[in-house]
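Participant: Provided below for reference: sequence and predicted model.
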Amino acid sequence: MIELRHVVKKFAGRIAVDDLSFTVPRGEIFGLLGHNGAGKSTAIGMMLGQVWPTGGEVKICGHDVQSNRHAALRQVGAIFEAPAFYDYLSGRRNLEILSAYTAPTSATRIREVIDWVGLTGREQSKVRTYSHGMRARLALAQALLPRPELLILDEPSDGLDPEGIHEMRQTILRLQRELGLTILLSSHLLNEVEQLCTRIAVLQNGKKVFEGNVADVRAARGKVALKTNDFVAATRLLRGQNLITATAEEKFITLAEGRSVAEVTQALVAAGLAVEGIWQHEQTVEDFYLNLIRPGTAKN
Amino acid sequence: MFLAQLKNELWKLFGKKRTYIGFGAFLLAQTLMLLTFKYTRWQADFEKLLNGNGYLAAEFISALTVSVVMLIPQIMLLMPLYATLVGGDLVAKEAEDGTLRMILSRPISRVRLLFVKWGAGVIFAVALVLALGLTALGFASLLFPWKGMFVFSPGQAFCVLTAHEGLVRFICSLLFMAVNASVMMSVAFMFSCFNMKPASATILALSFLFVSMVMENIPFFGRYEDWFITHHFKCWLLIFRDPAPWVQICQSEIILFAVSATAFVVGALAFQVRDIKS
């Protein structure tokens, strides 16, 4: 559904996106991570034909965005952080206006979408009277109007309260479950990305520094939590036997290549050290992200 | 689809309160000018001018005459302000508010979007002129009789017409004024397509018009007056010459259409290569 090949974007000599390539297949929820200014919004802008790439190729739904924008975006919906509307018009009028830029949309379809996002009863109110959550729902409604196959969400939970964030997360899952949409999610909320996405790409200073499955991220460079009566003695022993390569925070060990938790346990017991607990620690996306961006700053 | 998009653009334009500033200001200005004309020495001076030229003032101090008297300063001073205010808003305000990004996430081409917006701007300009002209005539009819028409603008127009002929010329002049307003709007629209604030687009367009007017009035540039857009704006007054210089009027109208088209093309080119970011 999304295909970026060696995409480059320069702004006045500054490289905002540097040789970015990734693909998002149909039906996937793909997360785009990165700090502010990492190039996420620029990349999304290029996917939507709002920002012209300096080099490379961007294809959406199999069509080149630059040369065939109409076909590429025909079945794409997008939501941006702090969605902007014509505040002086009603929610329904906003939907009519925005949908007219895609294709003729029936009143029934508009009603259907309003109902889907839960704005029924408030659609005739002016948008300026809407709460932040209602604006987010309206943003979702406008994105759903063209019956999209692909949804591009740029910080969709930005500014929402915890309840709103939860609601948005559930809605995204519902969209994928019920409508089978492909979703590209750019977010600062690593917890959200972890709960929603099947795959992620991490951008740093415009460059992609990681792309992979969330499941692999959790397992990648997996640490083992070790609870023993003498952590220092235990790790000295394990290092001596080349069973581990690193330790952290007097609680985690990193197994050497090809070594197992059973071997570690056996070695410790044989040396008379009490093993109160030993288990494979699953790292969070947050740990992974922080280690990737600034090694050594992750909590675990 | 184009008509649906145009209709929506008009909803956006006429849904905003600031769109009506021009209409409100014109109503206020007209009321004040009408009362001033009626109850100060202005009317007496005008009658003296008529009598001095051998016309019976009582026959020509009419609704049509007073309408044009009211229109001349408003067209020169207020019209550029309100036409450029709306023209400057059309693209730049949407970019500033973030709604442009919402629109451009949809499969509409940038040129088509601009064409729809420009079309809405032209409709606004025409509506503004019609409202201005018709309310001027309506208000003047309340206090002055329906009689012959006398128009005098130094160096531009001098004519004495019957009521019927005067009305026809008045309607023609409104059409030319609508073209003027559309051109003013188009110049502001062009600046609005660049990466700038709406106020900057309006100020630049006003500056462009002001500089053109100032230069046109410098004696040295008199021989180059055809090169100044404000010179061609005056063609709405030429209709009140007797006989009307149609060739000159047509030339000016063609130039104004060309300026408008050029402004659109320049704006569209600038907009086409722009990156739209939050």
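Facilitator: Great, that's in hand.

Participant: use CA for all of it now, contacts and neighbours both
Facilitator: Fine.

Participant: how about the helices in chain A?
Facilitator: A:40-47, A:69-73, A:91-99, A:107-117, A:132-144, A:162-179, A:190-196, A:214-219, A:231-240, A:261-270, A:285-293 (DSSP state H).

Participant: quick one: which of the ones you listed is nearest residue B:252?
Facilitator: Among the helices of chain A, the nearest to residue B:252 by C-alpha to C-alpha is helix A:91-99 (37.1 Å).

Participant: Does residue A:62 touch residue A:72 like I think?
Facilitator: Yes. Under the criterion of C-alpha atoms under 8 Å, residue A:62 makes contact with residue A:72 at 7.1 Å.

Participant: More neighbours: the two, which one.
Facilitator: Using other C-alpha atoms under 10 Å in any protein chain shown as the criterion, residue A:62 and residue A:72 rank with residue A:72 on top: 25 against 13.

Participant: and that one, what does it touch?
Facilitator: By C-alpha atoms under 8 Å, 6 or more residues apart in numbering or on different chains, the contact set of residue A:72 is A:59-65, B:107.

Participant: Dump stretch B:153-172 to PDB, restricted to CA.
Facilitator: Extracted in PDB, the C-alpha atoms of stretch B:153-172 (Å, rounded to 0.1, in the frame of the first residue of the first chain):
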ATOM      1  CA  SER B 153     -15.100  63.600 -12.600                       C
ATOM      2  CA  PRO B 154     -12.200  66.000 -13.500                       C
ATOM      3  CA  GLY B 155     -10.300  64.600 -16.500                       C
ATOM      4  CA  GLN B 156     -12.300  61.400 -16.600                       C
ATOM      5  CA  ALA B 157     -15.900  61.900 -17.200                       C
ATOM      6  CA  PHE B 158     -18.500  64.500 -17.900                       C
ATOM      7  CA  CYS B 159     -22.000  63.700 -19.100                       C
ATOM      8  CA  VAL B 160     -25.600  64.600 -18.900                       C
ATOM      9  CA  LEU B 161     -28.000  61.700 -19.500                       C
ATOM     10  CA  THR B 162     -31.700  60.900 -19.400                       C
ATOM     11  CA  ALA B 163     -32.800  58.700 -16.500                       C
ATOM     12  CA  HIS B 164     -33.100  55.600 -18.700                       C
ATOM     13  CA  GLU B 165     -29.700  56.100 -20.400                       C
ATOM     14  CA  GLY B 166     -28.100  56.900 -17.100                       C
ATOM     15  CA  LEU B 167     -29.400  53.700 -15.600                       C
ATOM     16  CA  VAL B 168     -28.000  51.600 -18.500                       C
ATOM     17  CA  ARG B 169     -24.600  53.300 -18.200                       C
ATOM     18  CA  PHE B 170     -24.700  52.900 -14.400                       C
ATOM     19  CA  ILE B 171     -25.300  49.100 -14.800                       C
ATOM     20  CA  CYS B 172     -22.400  49.000 -17.300                       C
END
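
Participant: Now do that stretch, average pLDDT.
Facilitator: Taken as a whole, stretch B:153-172 has an average pLDDT of 89.

Participant: Over to stretch A:262-271?
Facilitator: 90.

Participant: Could you list the buried residues of it?
Facilitator: A:264-265, A:267-268 (16 or more other C-alpha atoms under 10 Å in any protein chain shown).

Participant: what do you get for stretch A:19-33?
Facilitator: Buried residues in stretch A:19-33, counting neighbours by 16+ other C-alpha under 10 Å, are found at A:19-22, A:24, A:27-33.
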